[in-house]
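A.B. asks: model the following, please.
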Amino acid sequence: MDHPTRTLFIDADACPVTREALDCARRMHLPVVIAGNTTQNLERHIRCDDPRDATSARHGFWVDVLDVSVGADSADFAIVERLSPGDVVVTQDIGLASMVLGRGARAISVRGHVFRKETIDMELFIRHEEKKVRRSGGRTKGPSAFTGEDRRRFSANLIRVLRGEE
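C.D. replies: The predicted structure is shown next:
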């Protein structure tokens, strides 16, 4: 299911796969918006020859940076207000993923997990329960170290999502 105006959004807050996401967008000829707060160097992943707006796009690919103010969820809300159905968002944030799915767009984690409407409520519930445990002084298991396998899984699954196969 091809969507001619589909855009790839990257929630750049601590995103370890920005470079891989840009490589996938170049291959798939899709525009990219990298969103993050102004304290981050969002430009560091962009090649000097990457087109920076739709008028100079190369085969549909171009990349823009969306600087948002420092603050909890600033990038999340900036992304959500710009989403169209069919867009794809790269994020580590389950809350953002839920909002993205609610807007008819797709979301994928930095480890390649494709978020789904059928399971997002359970993922939000688990996040909530773990937060309650931590607030009461308990400990929960954190994520494992990010690996090359995570990076490869992300790239492969992102291509599948962008092609409409996932």
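A.B. asks: for the spatially most central residue of the chain, give the beta-bridge partners.
C.D. replies: Nearest to the geometric centre of the chain sits residue 90, at 1.3 Å (CA atoms, centre = their mean). Counting by DSSP bridges, residue 90 forms beta bridges with residue 10, residue 108.
A.B. asks: same deal with residue 66?
C.D. replies: Assessed by DSSP bridges, residue 66 has beta-bridge partners residue 35.
A.B. asks: what is the burial count for the nearest residue to residue 101 once chain neighbours are set aside?
C.D. replies: Using CB to CB, 6 or more residues apart in numbering and skipping residues adjacent in sequence, the residue nearest residue 101 is residue 117, 5.2 Å away. C-beta here means a position set from N, CA and C on the backbone, and glycine is covered the same way. Residue 117: 10 surrounding residues under other CB atoms under 10 Å.
A.B. asks: which is the succeeding secondary structure element to the helix or strand of the chain with the lowest mean pLDDT?
C.D. replies: Using mean pLDDT, DSSP states H and E, helix 117-135 stands out as the lowest-scoring helix or strand of the chain, at a mean of 83. Counting by DSSP states H and E, the next helix or strand C-terminal to helix 117-135 is helix 148-163.
A.B. asks: check the offset of that next one from the chain's centre.
C.D. replies: 12 Å (CA atoms, centre = their mean, to the nearest Å).
A.B. asks: now for it, which elements pack on it?
C.D. replies: helix 18-28, strand 88-90, strand 106-108 (3 or more CB pairs under 8 Å, 6 or more residues apart in numbering; DSSP states H and E).
A.B. asks: just checking, the residue nearest to residue 101 touches residue 104?
C.D. replies: No. Taking contacts as CB atoms under 8 Å, residue 117 lies outside contact range of residue 104: 9.9 Å.
A.B. asks: any common contacting residues for those two?
C.D. replies: Shared contacts of residue 117 and residue 104 (CB atoms under 8 Å, 6 or more residues apart in numbering): none.
A.B. asks: which one, of the helices and strands packed on helix 148-163, ends up nearest to residue 155?
C.D. replies: Closest to residue 155 of the helices and strands packed on helix 148-163 is helix 18-28 (CB to CB; 4.9 Å).
A.B. asks: could you find the closest non-adjacent residue to residue 140?
C.D. replies: Nearest non-adjacent residue to residue 140 (CB to CB, 6+ apart): residue 130, at 4.4 Å.
A.B. asks: next, find the distance separating that neighbour from residue 159.
C.D. replies: 31 Å (CB to CB, to the nearest Å).
A.B. asks: what number of residues lie near the residue nearest to residue 154 when sequence neighbours are not counted?
C.D. replies: Of all residues not flanking residue 154 in the chain, residue 112 sits nearest, at 4.1 Å (CB to CB, 6+ apart). Counted with other CB under 10 Å, residues neighbouring residue 112 total 21.
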